[in-house]
Each structure stands twice: as structure tokens, then as C-alpha cells.
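In: Pasting a predicted model and its sequence here:
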Amino acid sequence: MESADGPSEMKGHMGPQKVPMPRDPAELEERFSVVLNSMNLPPDKARLLRQYDNEKKWDLICDQERFQVKNPPHTYIQKLRSYLDPGVTRKKFRRRVQESTKVLRELEISLRTNHIG
């Protein structure tokens, strides 16, 4: 996003800003191959992605690396366990329900996007 003062970050976005694309095309292709392999795509889909221009390939690399920074699924289970305290007051219980719902949404995303193997 751009403003009159120049580039600005999205509020609440904690991830790193996009890194400049490598100048060496071989490095870009090598990193792109690593990303494609990690995605476990069928060969026809991988062929389609290999046809991307360098800018699109770099966007995909950055997106994939941002997802890899996310917490693995077991981290969310530990967070949810912390909400199981039976001695919680009613007011705190409501807040914990909201927080645990958010954690469950994040877990859902993590399970869909992280390779489990």
C-alpha cells in the first residue's frame, strides 16, 4: 500500500516486508524449485507455475516463505490447552472463548497450508 508519505505497512501485519528479487536468475529458479517441491503439486500444475514470469515466481516464493514462518499445528494445541483452566471467572471465560476461537481459526489455516508429513 502506498500513501502520500511513501510505502506504508498494513496495520496488524507482523510479517516481514517483501525482500528484493535476487539478481541472479539461477538463484531465483533454484528457490522457485524448492517452493514448487514443497507444495506437492501434480506435474501439470507445476508445469503451469514454471511458466510464470520472474516477478510472479518471486511473489510465490515470498508468499510461501511467509507461510513457513507461521506456527506449526502443535503450537495451537498448546495454546488451546492453556484455555482449559476450570477456575476461570465468567468474564475471563467469555474472553477466553473469543481467544480460543481465534486460535482455532489460525489452526485451521495452519493445517490447510503447512505440509504435514
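Out: Structure's in. What do you need?

In: use CA for all of it now, contacts and neighbours both
Out: OK.

In: And the helices in this structure?
Out: The residue ranges that make up the helices of the chain, judged by DSSP state H, are 25-39, 43-50, 54-69, 73-81, 90-113.

In: who touches the first one?
Out: Helix 25-39 is contacted from outside by 21, 22, 46, 54, 57, 58, 60, 61, 64, 115, using Cα atoms under 8 Å, 6 or more residues apart in numbering.

In: let's see 7 Å
Out: Outside helix 25-39, the residues that touch it by Cα atoms under 7 Å, 6 or more residues apart in numbering are 22, 46, 57, 61, 64.

In: can you check the longest one too?
Out: When contacts are taken as Cα under 7 Å, 6+ apart, the neighbours of helix 90-113 outside the stretch itself are 72, 73, 76, 80, 83.

In: CA atoms only: put stretch 29-37 into CSV for me.
Out: As requested, the backbone C-alpha atoms of stretch 29-37 are provided in CSV (Å, rounded to 0.1, in the frame of the first residue of the first chain):
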residue,chain,number,x,y,z
GLU,A,29,15.0,-20.6,-10.3
GLU,A,30,16.6,-22.7,-7.5
ARG,A,31,14.5,-21.1,-4.8
PHE,A,32,11.4,-21.4,-7.0
SER,A,33,12.1,-25.1,-7.5
VAL,A,34,12.3,-25.6,-3.7
VAL,A,35,8.9,-23.9,-3.3
LEU,A,36,7.3,-26.0,-6.0
ASN,A,37,8.6,-29.2,-4.4
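
In: average pLDDT across that stretch?
Out: Here the mean pLDDT over stretch 29-37 is 90, rounded to a whole number.

In: In the chain, where is pLDDT below threshold?
Out: Counting by pLDDT under 70, the chain shows low-confidence ranges at 1-18, 67-71, 113-117.
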